[in-house]
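Visitor: build me a model:
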Amino acid sequence: MFNSYFFQSFVMSTETERVYRYMVPSAAEAAMMTFTPINNIQQHLSAFHVYAHDHTRPVESHHFCSHRSKDFHQCVIYDSDASDARLIGIEYIVSEQIFKSLPEEEKRYWHSHKHEVCHPASIPPFI
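Guide: I've put the predicted structure just below:
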């Protein structure tokens with residue numbers, strides 16, 4: 001487990017969500033689809049985040065994470081764990097060692113979540 005956590009998040013715009021919602025695969029495309037990347041998800045964490053511009057508004061977020069290496073994880077983030085959950089973001093998690101090796105210009109896009117990861121509000125669901 002990392003001593004320090006650094007995250008880079010990407011949020012899906014409403015327009016992007018609208019475009020993907022209406023892309024329905026044909027029967028042939030559906031038959032060829034696999035869920036191999038999704039099947040590599042090994043962890044589910046539930047946490048409350050706050051909006052960057054309004055710290056009084058908590059948002060429930062469910063992180064489904066794949067462990068690429070001991071120093072690098074990637075997570076898809078949904079607003080719930082229900083079957084109709086909305087994708088609300090993607091986060092990359094790196095160790096402090098990787099973070100320190102990033103160029104200074106890149107570091108400004110990352111932020112530490114050490115206080116959230118170590119906080120009791122960030123726990124696996126149903127514990």
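Visitor: please, where are all the helices along this structure?
Guide: 14-21, 27-32, 36-39, 96-101, 104-107, 114-117 (DSSP state H).
Visitor: so what's I93 closest to, chain neighbours aside?
Guide: Leaving aside its chain neighbours, I93 sits nearest to H73 (4.1 Å; criterion: Cβ to Cβ, 6 or more residues apart in numbering). In this view, the C-beta of every residue, glycine as well, is placed from N, C-alpha and C.
Visitor: just the pLDDT at the one you found, thanks.
Guide: Note on H73: pLDDT of 91.
Visitor: okay but H73 is in contact with H63, surely?
Guide: No - in this structure, H73 is not within contact of H63 by Cβ atoms under 8 Å, at 9.2 Å.
Visitor: and for these two, which residues touch both?
Guide: Q43 (Cβ atoms under 8 Å, 6 or more residues apart in numbering).
Visitor: can you give me the strands for this protein?
Guide: Applying DSSP state E to the chain gives strands spanning 6-10, 43-51, 54-69, 72-78, 87-94, 111-112.
Visitor: identify all contacting residues around the third one.
Guide: Strand 54-69 is contacted from outside by 37, 40-51, 73-81, 85, 88-89, 91, 93, 125, using Cβ under 8 Å, 6+ apart.
Visitor: switch to 10 Å and redo it
Guide: Applying Cβ atoms under 10 Å, 6 or more residues apart in numbering, the contact partners of strand 54-69 are 7, 37-51, 72-82, 85, 88-95, 98, 121-122, 125.
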